[in-house]
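**Student:** turn this into a model:
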Amino acid sequence: NTYSKVSEELLESCPHFAFRPLVFVLAFFHAVVQERRKYGTIGWNVVYDYNETDFVASRELANTYLTKAFNNDGPIPWASLRYLVGQCMYGGRVTDSMDR
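**Tutor:** Residues are numbered from 1 along each chain as shown. Sure, this is the predicted structure:
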């Protein structure tokens, strides 16, 4: 459902070739995080309030970083993207060490 809300116009907003696959991966990741809530303590030890804004913020972050990499003809900053999305956007809410 997350990926179906992404428009073709949005996918074309970033000139970098890696943007489309990255948006798909982010949508898949977001869906997995959302689905884990259905399993109670088997999924997460603590209930976390992940919502659509986490996905939108991560997608916009990817757009910004990939557009900058494209314009500067530089490499994709994978380490920065992984840290910002995984640790800041999504991981920032995790309070239980077993959920990391």
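
**Student:** what does stretch 39-47 contact?
**Tutor:** Glu35, Arg36, Arg37, Val94, Thr95, Asp96, Met98, Asp99 (C-beta atoms under 8 Å, 6 or more residues apart in numbering). C-beta coordinates here come from the backbone N, C-alpha and C atoms, glycine included.

**Student:** now do the contacts for Leu84.
**Tutor:** Applying C-beta under 8 Å, 6+ apart, the residues contacting Leu84 are Ser58, Leu61.

**Student:** about what we covered before: arrange the contacts of stretch 39-47 in TSV, one row each, with pLDDT as further columns.
**Tutor:** Formatted as TSV, those follow (pLDDT from 0 to 100):
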residue	pLDDT
Glu35	84
Arg36	80
Arg37	77
Val94	76
Thr95	77
Asp96	75
Met98	75
Asp99	71
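
**Student:** which of these sit farthest apart?
**Tutor:** The most widely separated members of the contacts of stretch 39-47, counting by C-beta to C-beta, are Glu35 and Thr95 (20.0 Å).

**Student:** what segments of the chain are helices?
**Tutor:** 8-11, 19-36, 52-71, 78-83 (DSSP state H).

**Student:** list phi and psi for Asn45.
**Tutor:** phi -70, psi -30 (degrees, to the nearest 10).

**Student:** what's around it, how many residues?
**Tutor:** 14 (other C-beta atoms under 10 Å).

**Student:** what do you get for the one 5 residues further on?
**Tutor:** Burial of Tyr50, expressed as a neighbour count using other C-beta under 10 Å, amounts to 17.

**Student:** same question, Asn72
**Tutor:** Other residues close to Asn72 by other C-beta under 10 Å number 8.

**Student:** how close does it sit to His16?
**Tutor:** For Asn72, the distance to His16 equals 11 Å [C-beta to C-beta, to the nearest Å].
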